[in-house]
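1. sequence first, predicted coordinates after that:
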Amino acid sequence: MIAGILKEKNGETRVSLTPEIVKQLQQMSVTVWVEQGAGEQAFYNDDAYMQAGALIKTAAEVLSQSDIIFTIQPPSRELAEQIAAGKILLGVLQPLFRPEEVGYWASQNITTFSLDSIPRTTRAQVMDVLSSQANISGYKAVLLAAYSYSRYFPMFMTAAGSIAPAKVLILGAGVAGLQAIATAKRLGAVVEVFDTRPAVKEEVMSLGARFVEVEGAADASAGGGYAVEQNEEYQKKQQQKIAESIAKADIVITTAQIPGKPAPVLVTQPMLDQMHSGAVIVDLAAATGGNTALTRNNETVHYRGITIIGNSNLPATMPADASKLYAKNVFNFLKLILTKEGNLHLNFEDDIVKGACITHNGEIVNERLKSAKPATSTI
């Protein structure tokens, strides 16, 4: 079997598989083809792949002859047209935001596995790319905020006077939010955290942050490990609490997203009007609309002295480690669909394999996708 690694486009610096993982696939009798220069921006050059046993090929060769094709970002229609029927495409394909592309993949009889659709269960943690990459996002969000902020993060007492610590507000205590808490605390900030799930309070407090509770949240257990929408009454209570905290905040990190839907606007324009000049917001939900009323994806907006940074792909700013973690997640998933001899074995009785599969045998097979309404924003 031939496994092909594509070079990412549109500023994506990560690569799907690292030389270390390529070597392990070779030991399973899987032949690996790598598009020329695929790992260069992640600091894995072609020589490293060849030393691991891979062959360097053109994009056309990888697309037309590989049995399974690896990509992080969804391929363009132009690239997808070069994938032959019966082949497998595996990556973070964001199917809930690309219903037309999903329909095209099905019509071309391409089997697709989207790693952002893996069920968030204990057994699936070792292949959870959302978590491994969100960890990096939370870490880099705080560093980016600290770089953009005009004052110190920690408290300082000097002969020239005292400097108060930065007040950091984090909206969402998932993987990214928890890492943001830990990083902000290491830098000496005072941290407050909002989350719709009371169950995360203990984790937040264990990291030294204050958890701001809002009563009446919807039961998150129905979301299968993902965020769920809240009712209107809860949203009003939440906005009131956030407004009280955001007026005092120096730094705000927003992380709230709902799969297949635009990100909830947690920071309204009236809230922004209450923030002080010099405050910084880093919005990790920018690609799905953003958590603030003024967020623009991949842009920095300046409003009344406030800096609003929209960036949903901070893992690409740490491509070496991000690729290493992502590749390990991919390899752990591959062990579910490959035999020890490197042959393909799609066991759809496995809930992880079934949950990650989007299209197969010319049909859309993912139950969550079939029941979802098309999203109104794109990533």
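-> Nice, I can see it. Numbering: from 1, shown residues only.
2. make it CA atoms for all contacts and neighbour counts henceforth
-> Noted.
3. tell me which element the closest residue to residue 325 other than its chain neighbours falls in.
-> Spatially, and ignoring its direct neighbours in sequence, residue 325 is nearest to residue 132 (6.4 Å; C-alpha to C-alpha, 6 or more residues apart in numbering). In the assignment (DSSP states H and E), residue 132 maps to helix 129-148.
4. buried ones in that helix?
-> Of the residues in helix 129-148, those buried by neighbour count under the rule 16 or more other C-alpha atoms under 10 Å are 129-143, 145-146, 148.
5. which SSE is immediately downstream of it?
-> Read in the C-terminal direction, the helix or strand following helix 129-148 is strand 156-158, with elements assigned using DSSP H and E.
6. that next one: partners in the sheet, and parallel or antiparallel?
-> Strand 156-158 has the following sheet partners, assigned by DSSP bridges: strand 161-163 (antiparallel).
7. list of residues touching the partner strand?
-> Contacts of strand 161-163 from elsewhere in the structure, counted by C-alpha atoms under 8 Å, 6 or more residues apart in numbering, are 152, 154-157.
8. that strand: how far from the chain's middle?
-> Chain-centre distance of strand 161-163: 38 Å, with C-alpha atoms, centre = their mean, to the nearest Å.
9. what's the next helix or strand after it packed up against?
-> On the C-terminal side of strand 161-163, the closest following helix or strand by DSSP H and E is strand 167-171. If contacts are counted by 3 or more C-alpha pairs under 8 Å, 6 or more residues apart in numbering; DSSP states H and E, strand 167-171 sits against helix 175-186, strand 190-194, strand 251-254.
10. what's the angle from the helix holding residue 132 to helix 175-186?
-> With axes from the mean of the first three to the mean of the last three C-alpha atoms, to 10 degrees as the criterion, the two stretches helix 129-148 and helix 175-186 enclose an angle of 40 degrees.
11. still on that earlier bit, among the helices and strands packed on strand 167-171, which is nearest residue 362?
-> Ranking these by proximity to residue 362 (C-alpha to C-alpha) places helix 175-186 first, at 35.1 Å.
12. need the contact list for residue 40.
-> residue 46.
13. what residue spans form the domains of this structure?
-> Each structural domain of the chain that the record assigns through automatic domain parsing is listed here as a residue range: 2-117+319-363, 134-317.
14. JSON lines for those, including mean pLDDT and distance to residue 124?
-> What follows is the domains of the chain, written out as JSON lines (pLDDT from 0 to 100; distance: least, C-alpha to C-alpha, whole Å):
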{"stretch": "domain 2-117+319-363", "mean pLDDT": "97", "distance to residue 124": "7"}
{"stretch": "domain 134-317", "mean pLDDT": "91", "distance to residue 124": "11"}
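15. quick one: closest of those domains to residue 370.
-> It's domain 2-117+319-363; of these, that one is closest to residue 370 (C-alpha to C-alpha) at 9.5 Å.
16. what is the end-to-end distance of that closest one?
-> The separation between the terminal residues of domain 2-117+319-363, taken as C-alpha to C-alpha, to the nearest Å, is 24 Å.
17. now swap in stretch 286-301 and tell me
-> Taking C-alpha to C-alpha, the first and last residues of stretch 286-301 lie 12 Å apart.
18. can you give me the helices in this structure?
-> Read by DSSP state H, the chain holds these helices, from start to end of the chain: 19-27, 46-51, 59-65, 77-80, 99-107, 129-148, 175-186, 201-206, 232-246, 269-274, 319-337, 351-356, 367-371.
19. ok, and for the last one, which residues are buried?
-> Counting neighbours by 16+ other C-alpha under 10 Å, one finds that the buried residues in helix 367-371 are residue 369.
20. residues making contact with it?
-> Residues outside helix 367-371 that contact it (C-alpha under 8 Å, 6+ apart) are 95-96, 355, 358, 364.
21. need the CA coordinates for that helix. PDB is fine.
-> Taking only C-alpha atoms (Å, rounded to 0.1, in the frame of the first residue of the first chain), the coordinates of helix 367-371 have been written out as PDB:
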ATOM      1  CA  GLU A 367     -24.600  10.300  11.000                       C
ATOM      2  CA  ARG A 368     -23.800  13.600  12.600                       C
ATOM      3  CA  LEU A 369     -23.200  15.200   9.200                       C
ATOM      4  CA  LYS A 370     -26.400  13.800   7.700                       C
ATOM      5  CA  SER A 371     -28.500  15.200  10.500                       C
END
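22. quick one: closest of the helices of the chain to residue 117.
-> Between residue 117 and those, the shortest gap by C-alpha to C-alpha is with helix 351-356, which sits at 5.0 Å.
23. for that closest one, buried residues please.
-> 352-356.
24. quick one: which of the contacts of strand 161-163 is nearest to residue 164?
-> For these, the closest approach to residue 164 (C-alpha to C-alpha) belongs to residue 155, at 4.9 Å.
25. cool, thanks, talk later.
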